[in-house]
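In: Here you go, sequence then predicted model.
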Amino acid sequence: MSDVDRSSSLAKSGGRNPLLAVEDLRVAFRTEDGLVQAVDGVSFHVDAGEVLAIVGESGSGKSVTGMTLLGLTRSHNARFEGRAAFGGRDLVGASDDELRRIRGAEIAMVFQDPMTGLNPVQRVGKQIVEQIRAHEDVSKDAALERARGLLERVGIPRPTERLRAYPHELSGGMRQRVMIAMALSCEPRLLIADEPTTALDVTIQAQILEEVRRMREETSAGVILITHDLGVVADVADRVAVMYAGQIVEQGTLDELFYDPQHPYTWGLLGSIARVDRPRPTRLPAIAGTPPSLADPPHGCRFRPRCPHAFAQCVELPPLEARAGEAGHLDRCWLPVAEKREKRRVGGQIGLGEAA
Amino acid sequence: MTRFVVRRLCSMALVLFAISVLTFLIFQAIPNGDPAQRMAGRLSSPETVAAIRRTWGFDDPLWQQYLTTMKKIFTGEVISYTQQVNVLDEIRKGLPATLSLAIGAGILWLVLGVLFGLLSAVRAGGLTDRGLTVLAMVGVSTPVFLLGAVALYFLAFKVQLFPNGGYVPLTQNPADWAYHMILPWLVLSVLYVGIYSRVLRSNMLDTMSDDFVRTARAKGISERRVLVRHVLRNSLIPIVSLWSLDFAAVIGGGAILTESVFNLQGVGQYAAESIQQLDVPPVMVIVMLGAFFVVVLSAVTDVLFALLDPRIRLT
C-alpha cells in the first residue's frame, strides 16, 4: 500500500473504532483578563498506527489540547467540557488518580524543549527508571536494564555509560532522545509529541522524526504530533488538523490538506513555507495581522479580521463540515468550493493572496 | 580540588586580615575610647594614665599596636583591658553555651522552615498558606530581644513553665540543659523560620512551573513524588547556603541578643559586654572567630552545592 492509500483509508476507517476520540473539547482558563477560551469545541480522532498532526500558530490551543488529554492543564482556574474517549474511559472526566495511571503508561508525552525538560539533578537512567517503576512492579535492576535497551533503541551510543549521565552532560538532540526513550518506556498506545523538534537543528530534527516514524511502525501506537512546522507535517503525518484561535478550521488527509486546502488560513500557512524548488521570492509572504485574543474572540468566523476574502456571511460562525467532496475533509469556510480553488492560486502556488 | 582548597585558604586569610584591621581601627575612632584612661579610672592622676599607657604599649604607633595584638591573639596570650584575664579562656568558657544554642536552634529552624515553606507552597493561595504567611511576617518583624523578653515574662515568670534564663552544662545534667535551652532555641529560630519558609515557598513555586516538573507529572508518578523528588529537591539548594551562613554567624557569637536576654553566658554575651566596655581585645577575637566560621562554612557550602547539583564544579 502506498502512503497515500493508507492515509486515506485510515481517514475513512476513523469513525469505527478509533484509539482516541475527542468530542467537542472545550478548555477555559480564568485569568485576570477574564475567561480565556483556549480550546473551543475541538473534535478529532486518532487511530492506532496513525500520525495525526495538529498544526497552528502559537496560542492556537494546540498544546493545551494535547496537555488536557493527560490532565496536565488541570487547575483551580481551568474549566473543561466535552469528552475524550480512550480505551473505554473518558480522559476529560477521569479522576486525577485514574489519569495518573494512564499517564506515562498508556499515553506518553514528549515536550518541546529538551534542554529544560529533564530534571537537572537526576541521572537520566534514574529518570527513566522512575517512570517504569511508577507503572510496573519490576526491580530497580530490571528497570535499569530496560532503560539501557531503550536508550540503545533511540540511537544513543554507549547507552550503559549514558544511563549515569546528568542531563547537562548530553546535547540537545541526545536529551530529546532520552525524552523519547522515556515516553516509550512503558510501550504507550498513544504518543503526544508537542513540538518535539522545534528546539533542535535540522539534522537532529530529521533523526528525531525518524524515531517517531519507527516507533509507529514497530508498536503501531497512535501519534498526535503538535507542531507549527508544515515541513515536519509533510514528513510524517497521515492526517492533519489545522487549529486557529481555539478551533479546528480544517481537517483532512495529508494530501487533501496540501493539494486541496479549503480554508484561507491553511492557504496562508502553506503560502508562507520557504521552498527551495521554486524561484526565491524577495520576501516570504506572511499572514497579515495577529491571532485574536482568546478572552474576546471575534464573532463569526475567527479568521475573518485577517482574511482578505471575507464577505457578508462570515459574521456567522461556519460549522466544521465536509464541503470539498471527501467525507473526511472538513473545513470552516463559507466560500463556495469552486471560488476557493480559484482564490487560493497565488502566483502559480497556493497562498492567501490579497483582497480583490 | 587542591586549587579549590588553596583558593579558599587564601581568601580566608585575606578576610580575617581585613576584618581584624577594620575592627581595630573602629575602636581607635570611637570617642572616649582611650583604654588607658578607662583602666585608670575617672579620678586618676595623669601620671598613672601615662604609666598604664607605657606598660600596655598604647603610646606605640598604631601599626605596632595592631601587630602586638595580633601576635598575642595567635599565641593565646591576649588579655582583656577591663577584667585583665585571658580572652581565649573566657571564650572557651562561653563556647559550650553558644554551641548548644547554635546547633539546637540551627536544626530547629531548618526543619521548621522547610516544613512551613513546603506546606505553604503546596497549599499556595489557600488558608494554610495565608496563615503561614502572616506568621512568617510576624516572625521576621519581631525583634529577638522583645520576643525573648515577652517569652521570659509570660512563660518563665508568670506561668513558670520554663526557667528564667541561665545555662546548665550538658555534661552536668542533660535534662536540665535541654530544659534551659528550649526557650532560647525557639526564640532564636523564629526569625530564621520566617525567612526560610518564605524563601523555600517562592523557590518551590518557581520550580513548579519548570518544564521538568511537567515532564515528571507526565510520567504518571504520584503527586507526592513529584513534589518531593523533583520540586523540593531542586528548591532546597539555595536553602543550604542560607543555612550554613546563618549557622556560622550564630556559632561565631552572632546570637548576641538571644544570649543576653536568656543570660546564657555564651560567646555572644561576652561580646556584648566587651563592646559596652569598649574592651578591644575580646571584641577583635570574637569578630575574627565569627568571620572564621563564616568563611569555613561558606567553603563547606560550596562543597555541598557540588554534591547537590551536578552542574556545579569546584574551582
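Out: Ah, there it is.
In: residues contacting A:Thr116?
Out: The neighbours of A:Thr116, taking C-beta atoms under 8 Å, 6 or more residues apart in numbering or on different chains as the test, are B:210-212. Where C-beta positions appear, they are placed from N, C-alpha and C, glycine not excepted.
In: For the closest residue to chain A within the stretch 101-250 of chain B, which three-state class applies?
Out: When scored by C-beta to the nearest C-beta, the stretch 101-250 of chain B has B:Gly220 as its residue closest to chain A, at 3.3 Å. State at B:Gly220, reduced to three classes by DSSP: H, G, I helix; E, B strand; the rest coil: coil.
In: Now do the contacts for it.
Out: Residues near B:Gly220 by C-beta under 8 Å, 6+ apart: A:100-105, A:131, A:134-135.
In: please redo it, this time with the cut-off set to 6 Å
Out: A:100, A:103-105, A:134 (C-beta atoms under 6 Å, 6 or more residues apart in numbering or on different chains).
In: May I see the residues you listed arranged in TSV, with distance to B:Ala255 and pLDDT as well?
Out: Output for the contacts of B:Gly220, formatted as TSV (distance: C-beta to C-beta, whole Å; pLDDT from 0 to 100):
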residue	distance to B:Ala255	pLDDT
A:Arg100	47	94
A:Arg103	49	95
A:Gly104	49	93
A:Ala105	53	94
A:Ala134	46	95
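In: Just those: which are in helices?
Out: Among those, the residues falling in helices (DSSP state H) are A:100, A:134.
In: and chain B, which of the contacts of B:Gly220 contact it?
Out: A:100, A:103-105, A:134 (C-beta under 6 Å from any C-beta of the partner chain).
In: Quick check: what element follows the least confident helix or strand in chain B by mean pLDDT along the chain?
Out: Scoring the helices and strands of chain B by mean pLDDT, DSSP states H and E places helix B:35-40 at the bottom, with a mean of 82. Downstream of helix B:35-40, the first helix or strand assigned by DSSP states H and E is helix B:46-56.
In: Around chain B, which positions in the stretch 151-300 of chain A sit nearby?
Out: A:166, A:168.
In: If I look at the one residue in the stretch 151-300 of chain A that gets nearest to chain B, what pLDDT would I see?
Out: Closest to chain B within the stretch 151-300 of chain A is A:Tyr166: 4.3 Å, counting by C-beta to the nearest C-beta. Here, the pLDDT recorded for A:Tyr166 equals 95.
In: Please apply the same query to B:Ser197.
Out: pLDDT, read off for B:Ser197, is 95.
In: Now that it has come up, it's in contact with B:Phe116, right?
Out: Yes: under the criterion of C-beta atoms under 6 Å, B:Ser197 makes contact with B:Phe116 at 3.8 Å.
In: Tell me which of these two has more neighbours.
Out: Neighbour count, other C-beta atoms under 10 Å in any protein chain shown: between B:Ser197 and B:Phe116, B:Ser197 has more, with 28 against 25.
In: circling back to that earlier point, give the buried subset of the contacts of A:Thr116 as a ChimeraX selection command.
Out: Selection of the buried residues among these in ChimeraX, burial being defined by 16 or more other C-beta atoms under 10 Å in any protein chain shown:
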select /B:210,211,212
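In: Doesn't A:Ala327 belong to a helix?
Out: No: assessed with three-state DSSP, A:Ala327 is coil; it does not lie in a helix.
In: ok, now which ones touch it?
Out: If you count contacts by C-beta under 6 Å, 6+ apart, A:Ala327 has none.
In: Quick one: the helices in the stretch 251-356 of chain A, in order.
Out: A:254-259, A:264-271, A:337-343 (DSSP state H, counting those that start in this stretch).
In: can you pull out the helices in the stretch 201-315 of chain B?
Out: Under DSSP H, counting those that start in this stretch, the stretch 201-315 of chain B gives helices at B:211-218, B:223-225, B:233-249, B:256-261, B:267-276, B:280-308.
In: any chance of these in CSV, plus mean pLDDT?
Out: CSV is the format used below for the helices of the stretch 201-315 of chain B (pLDDT from 0 to 100):
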stretch, mean pLDDT
helix B:211-218, 95
helix B:223-225, 93
helix B:233-249, 91
helix B:256-261, 91
helix B:267-276, 91
helix B:280-308, 89
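In: Rebuild those as a markdown table, extending it with distance to chain A.
Out: Shown next, in a markdown table, are the helices of the stretch 201-315 of chain B (distance: least, C-beta to the nearest C-beta, whole Å):
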| stretch | distance to chain A |
| --- | --- |
| helix B:211-218 | 4 |
| helix B:223-225 | 8 |
| helix B:233-249 | 6 |
| helix B:256-261 | 35 |
| helix B:267-276 | 37 |
| helix B:280-308 | 7 |
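In: Can you lay out those helices as JSON lines showing distance to A:His263?
Out: Shown next, in JSON lines, are these (distance: least, C-beta to C-beta, whole Å):
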{"stretch": "helix B:211-218", "distance to A:His263": "31"}
{"stretch": "helix B:223-225", "distance to A:His263": "41"}
{"stretch": "helix B:233-249", "distance to A:His263": "44"}
{"stretch": "helix B:256-261", "distance to A:His263": "72"}
{"stretch": "helix B:267-276", "distance to A:His263": "75"}
{"stretch": "helix B:280-308", "distance to A:His263": "52"}
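In: which residues does the nearest residue to A:Val233 once chain neighbours are set aside contact?
Out: Nearest non-adjacent residue to A:Val233, counting by C-beta to C-beta, 6 or more residues apart in numbering or on different chains: A:Ala53, 4.4 Å away. With contact set as C-beta under 6 Å, 6+ apart, A:Ala53 has these partners: A:225, A:233, A:237, A:240.
In: Identify the residue spatially nearest to A:Ala241, adjacent ones excluded.
Out: Nearest residue to A:Ala241 in three dimensions, chain neighbours excluded: A:Gln251, at 4.5 Å (C-beta to C-beta, 6+ apart).
In: what are the bridge partners for that neighbour, then?
Out: In this entry, A:Gln251 is beta-bridged to A:Ala241, A:Leu330, by DSSP bridges.
In: I'd say it and A:Leu330 touch.
Out: Yes: A:Gln251 is in contact with A:Leu330 according to C-beta under 6 Å; the separation is 4.6 Å.
In: More neighbours: which of these two?
Out: Between A:Gln251 and A:Leu330, counted using other C-beta under 10 Å, A:Gln251 has the larger neighbour count: 28 against 23.
In: on that earlier part again, is it possible to get CSV of the contacts of B:Gly220 that adds neighbour count?
Out: Below are those laid out as CSV (neighbours: other C-beta atoms under 10 Å in any protein chain shown):
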residue, neighbour count
A:Arg100, 22
A:Arg103, 26
A:Gly104, 27
A:Ala105, 20
A:Ala134, 20
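In: What's the local residue count around residue 256?
Out: You didn't pick a chain, so chain A it is. By the criterion of other C-beta under 10 Å, A:Glu256 has 24 neighbours.
In: Let me rephrase: I mean chain B.
Out: By other C-beta under 10 Å, 21 other residues sit near B:Ile256.
In: again, but for the one 4 residues further on
Out: The tally of other residues near B:Ser260 (other C-beta under 10 Å) stands at 21.
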